[in-house]
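Q: just to be clear, the model below is a prediction. Sequence and coordinates:
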Amino acid sequence: DGGITQSPKYLFRKEGQNVTLSCEQNLNHDAMYWYRQDPGQGLRLIYYSQIVNDFQKGDIAEGYSVSREKKESFPLTVTSAQKNPTAFYLCASSNPGQEEKLFFGSGTQLSVL
Amino acid sequence: AQSVTQLGSHVSVSEGALVLLRCNYSSSVPPYLFWYVQYPNQGLQLLLKYTSAATLVKGINGFEAEFKKSETSFHLTKPSAHMSDAAEYFCAVRGPNAGKSTFGDGTTLTVKP
């Protein structure tokens, strides 16, 4: 079945540590996105990539980094510069077009030890 | 600029009762509008979308939404609530691309037996 796989489902970060969240898709989608979700809030865009080897900052990119070396993979690194990393992180993908919808992974819950 | 306002962060209905979740939007261009549902600890999945065709849009699980341009609204309804409808619902307006959609803060639907 085609879809988006995020791993791990739960992740714990120690102070000063960088952690990487994995996102893989087999939908052959060009575009991929990372969102942060905090309780009682909507989704906020961290980074997005519309094509391999290219990505742009979203609304809250500070303290995060990404890479897009392969079409199917878009890992997110939460760096030590992100002082409040505890949140639910969602990866999504889509294909370009006027009506394209987002396909979401099942998310990673990141907590600080 | 675009924005989405979901009226009511929590809605509680009895099983079998009408579900009404409210969404108002603002957009400088004809909007593409979406409703997504999120079950606990999972990603979002598309319920329905409006893309300038019929103003009454039918989605999955018996949900539908009506686009009213004069009221800038896109409220989600279901005639008879089921226990399995308990989840968080997000309204979104599409931006320049799908990933730059603007999401509302979400409405948590509780269904009482």
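A: Now that the structure is in, tell me what you want to look at. Residues are numbered from 1 along each chain as shown, chains lettered A, B, ... in the order given.

Q: what sits against the closest residue in space to residue B:43 that isn't next to it in sequence?
A: Closest residue in space to residue B:43, ignoring its immediate chain neighbours: residue A:104 at 3.3 Å, by Cβ to Cβ, 6 or more residues apart in numbering or on different chains. Every residue, glycine included, has its C-beta placed from N, CA and C. The contact partners of residue A:104, by Cβ atoms under 8 Å, 6 or more residues apart in numbering or on different chains, come to A:4, A:90-92, B:36, B:43-45.

Q: flag the shaky bits of the chain, pLDDT-wise.
A: In the absence of a named chain, this looks at chain A. For chain A, the stretches with pLDDT under 70 are A:1, A:97-99.

Q: please go with chain B instead
A: For chain B, the stretches flagged by pLDDT under 70 are B:96-98.

Q: on the three-state scheme, residue A:44 is what?
A: Here residue A:44 takes the strand state, with states given by DSSP: H, G, I helix; E, B strand; the rest coil.

Q: can you give me the distance of it to residue A:93?
A: 18 Å (Cβ to Cβ, to the nearest Å).

Q: which of those two has more neighbours?
A: Higher neighbour count among residue A:44 and residue A:93: residue A:93, with 28 against 16, using other Cβ atoms under 10 Å in any protein chain shown.

Q: quick check: bridge partners of that one?
A: Beta bridges link residue A:93 to residue A:32, residue A:103 when assigned by DSSP bridges.

Q: wait, it sits on residue A:33?
A: Yes: counting by Cβ atoms under 8 Å, residue A:93 touches residue A:33, with 7.1 Å between them.

Q: what sits in contact with each of the two?
A: Common neighbours of residue A:93 and residue A:33 (criterion: Cβ under 8 Å, 6+ apart): residue A:102.

Q: for chain B, just list every one of the strands.
A: B:3-7, B:10-14, B:19-26, B:33-38, B:44-50, B:56-58, B:64-68, B:73-78, B:87-93, B:102-103, B:107-112 (DSSP state E).

Q: who are the packing partners of the fifth one?
A: What that stands for is strand B:44-50. strand B:33-38, strand B:56-58, strand B:64-68, strand B:73-78 (3 or more Cβ pairs under 8 Å, 6 or more residues apart in numbering or on different chains; DSSP states H and E).
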